[in-house]
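Got a predicted model here, sequence first, then my questions.
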Amino acid sequence: MFLIEYLTTKEAPFTLKKSIQLLIVSYFLVLISSFVSNIFIKLIDMVLTNQLHIKSLLLNQKASHSRIFRYGYVNGVIMMCLMGPLIEEGLFRLWLSINKTHLAISISLLCYVAMGNKWPINFHSYQIYLELVVSGIVFFISYKALAFKNEIVIHFLRSKTTQIYCISILLFGLMHILNFKPIHYSLFYVYPIFVVPQMIMGYFLTNLRVKSGFVWAVLLHIMINTTSILLFL
């Protein structure tokens, strides 16, 4: 409860110095907590592999990460260290400002991702332009709808900030279950344990976004993913 209370504590806008300090502290706390939680996750993975005789879930995750580089290391690095953080922060944390423009952008971005965005982007295919047009239409409709009911929607969302922050953190973590494909649906209760590091990361990203702003959360996400890339290579 203390962590959630700290997350929702209203503070004066952070100065540049304070934002940099929070960025650095958050980065190292994410690394430390991920290291510790991964020790327990590896133990659980060993038990599952030995007792259920299934392929290691962590090996599935490693294979998933390897597929990012199938179009070359440059494209893989751009996706992991730039596009990935921008898209994920846009989906899960941009709208936490409870601003109609940010909400509309996040909704349109969700639409774009749901249509199966591909990387690297093929500008010679009509599909990318169709996806961008559809996403633009969704943005326009969402913005107008939110503007029409602006006071009601904004007031409701701002009265539920604690729940919204928690949902954002949980969804961000659970989304990373897709990194463990193929999914063993009979082990649905196990997968949330394997994405605990991402939930912890989501907490610090959310805290930084709320306290310092969207750009700072993107920077932290880029730093964490870049570190992961360096360790992976």
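Structure's in. What do you need? Numbers count the residues shown, from 1 in each chain.

report the longest helix in this protein, please.
Looking across the chain with DSSP state H, the single longest helix is helix 16-52.

Could I get the average pLDDT for the following helix or strand past that one?
Using DSSP states H and E, the helix or strand that follows helix 16-52 towards the C-terminus is helix 57-67. Taken as a whole, helix 57-67 has a mean pLDDT of 87.

Same check on stretch 202-214?
Here the average pLDDT along stretch 202-214 is 95.

buried residues in that stretch?
Within stretch 202-214, the residues that qualify as buried are 202-212, 214, counting by 16 or more other CB atoms under 10 Å. For glycine as for every other residue, the C-beta is placed from the backbone atoms N, C-alpha and C.

Now tell me what touches it from outside.
The contact list for stretch 202-214 (CB atoms under 8 Å, 6 or more residues apart in numbering) reads 3, 6-8, 11, 14, 18-19, 22-23, 26, 29-30, 89, 92-94, 96-97, 102, 165, 168-170, 172-173, 216-217, 220-221.

show me where this structure has helices.
2-8, 16-52, 57-67, 73-78, 84-92, 100-114, 126-148, 150-158, 161-175, 191-194, 196-212, 214-232.

Could you give the separation of the last one from the chain centroid?
A distance of 11 Å separates the centroid of the chain from that of helix 214-232, by CA atoms, centre = their mean, to the nearest Å.

Taking helix 196-212 as reference, get the angle to that helix.
Orientation check (axes from the mean of the first three to the mean of the last three CA atoms, to 10 degrees): helix 214-232 against helix 196-212 gives 150 degrees.

Kindly report the same for the third one.
Angular relation of helix 57-67 and helix 196-212 on a 0 to 180 degree scale: 60 degrees, by the same axes, to 10 degrees.

Let me know how buried residue 155 is, in neighbour terms.
11 (other CB atoms under 10 Å).

can you check residue 87 too?
By the measure other CB under 10 Å, the count of residues near residue 87 is 17.

picking that back up, now distance to residue 185 too, for the helices of the chain, in a markdown table please.
What follows is the helices of the chain, written out as a markdown table (distance: least, CB to CB, whole Å):
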| stretch | distance to residue 185 |
| --- | --- |
| helix 2-8 | 31 |
| helix 16-52 | 13 |
| helix 57-67 | 13 |
| helix 73-78 | 29 |
| helix 84-92 | 24 |
| helix 100-114 | 21 |
| helix 126-148 | 29 |
| helix 150-158 | 33 |
| helix 161-175 | 14 |
| helix 191-194 | 9 |
| helix 196-212 | 20 |
| helix 214-232 | 27 |
